[in-house]
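>>> Structure for this input, please:
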Amino acid sequence: MPELISSRHGPIGRITFSNPAKFNAVTQAMWESFPGLLQAHDDDPDVRVIIIEGAGDKAFIAGADISQFEGQRAGPDVQERYNRAVDAAYSAPTTCGKPVIAKIQGICMGGGLGLAAACDLRFCRQDARFRMPAARLGLGYSVRGMQRLLAVLGPQNTMDIFFSARIFDAVEALRMGFVAQVFDMAAFDDSVEAWCLEAAKNAPLTLLAAKQAVNALLRDPQERDLKKVEETIKACFASEDYQEGARAFMEKRPAIFKGI
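Numbering: from 1, shown residues only. Next up is the predicted model:
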């Protein structure tokens, strides 16, 4: 049964896309439930970093469940509802106040590629394979989705993967800047976990300020809310965590941050 599985392990929240029989292809119900699950992790003070992953060993997300296209994507009204669900899912990681990490193994294509692009960082395993097959399906890709890919890949790489609809591997994804790191098969799980645990030790308000600043600066100038970013930066200096960080530095000990 296709489903999303939400869990927490220490400071790490997880949302797992589970549809193994179809390489974790995403149904409309899965798109619609994703933002709420992500928001729940964002609201949980014990969660510091959130991982998005696919169930099993063969895929991150293979894309949308194409078997639903004729029924749930037929007709303008139904198509509009589907598009709203996908856009909301893609927007959710960018509005989340915590680092959202795409953990990619095996197949990452179509909607999976789009969702990964919406995350803050992408780590992949050596066997990862990527593709944007929109041109093979005859569908139009949303402007906001294109904007996110453009911000990550740049114009040449974005047009390359859309025009060719070709498969590219982990090495090329790293060259393009789509992924931050590529890990070998044996070290993948432990390496991603270790990175997340290190990030989870840091001051949450500082991470939020950095994320807001990057996302704002990547938007068109007319859409930027730099005032909000400046307010978050000021909140860092007014926080108890800032005082704790200074004390910990002077006392040569790890800081214990509370996000306040």
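>>> For the residue most central in space within the chain, give its distance to Ser91.
Geometric centre of the chain, nearest residue: Cys119, 2.1 Å, by Cα atoms, centre = their mean. Plainly put, Cys119 is 12 Å away from Ser91 if you go by Cβ to Cβ, to the nearest Å. Placement of C-beta: from N, CA and C, glycine included.
>>> related to what we said a few turns ago, for the residue nearest to the centre of the chain, list the residues it contacts.
52, 93, 100-102 (Cβ atoms under 8 Å, 6 or more residues apart in numbering).
>>> Quick check: the farthest pair among those?
Maximum pairwise distance in these, criterion Cβ to Cβ, is 9.4 Å, between Pro93 and Ile101.
>>> which neighbours do those two share?
Joint contacts of Pro93 and Ile101 (Cβ under 8 Å, 6+ apart) are 52, 119-120.
>>> rewinding a little: let me know the pLDDT of the nearest residue to the residue nearest to the centre of the chain once chain neighbours are set aside.
Computed as Cβ to Cβ, 6 or more residues apart in numbering, the closest residue to Cys119 that is not its neighbour in sequence is Ala102, at 4.1 Å. As predicted, Ala102 sits at a pLDDT of 98.
>>> Could I get the shared contacts of Pro93 and Ile101 in JSON lines, plus columns for distance to Cys236?
Shown next, in JSON lines, are the shared contacts of Pro93 and Ile101 (distance: Cβ to Cβ, whole Å):
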{"residue": "Ile52", "distance to Cys236": "26"}
{"residue": "Cys119", "distance to Cys236": "23"}
{"residue": "Asp120", "distance to Cys236": "18"}
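>>> quick one: which of those residues is nearest to Met1?
Of the shared contacts of Pro93 and Ile101, the one sitting nearest to Met1 (Cβ to Cβ) turns out to be Ile52, at 19.6 Å.
>>> That closest one: neighbour count?
When neighbours are counted by other Cβ atoms under 10 Å, Ile52 registers 27.
>>> Then Ser191?
Ser191, neighbours per other Cβ under 10 Å, totals 16.
>>> nearest spatial neighbour of it, skipping sequence neighbours?
Phe183 (4.6 Å).
>>> and the one you found, how far is that from Ala116?
Following Cβ to Cβ, the distance that separates Phe183 from Ala116 is 15 Å.
>>> ok, these two, which is more surrounded?
Neighbours were tallied for Phe183 and for Ala116 using other Cβ under 10 Å; the higher tally belongs to Ala116 (28 against 21).
>>> Secondary structure element for that one, which one?
Using DSSP states H and E, Ala116 maps to helix 111-118.
>>> where in the chain is pLDDT low?
In the predicted model, the chain carries pLDDT under 70 at residues 68-75.
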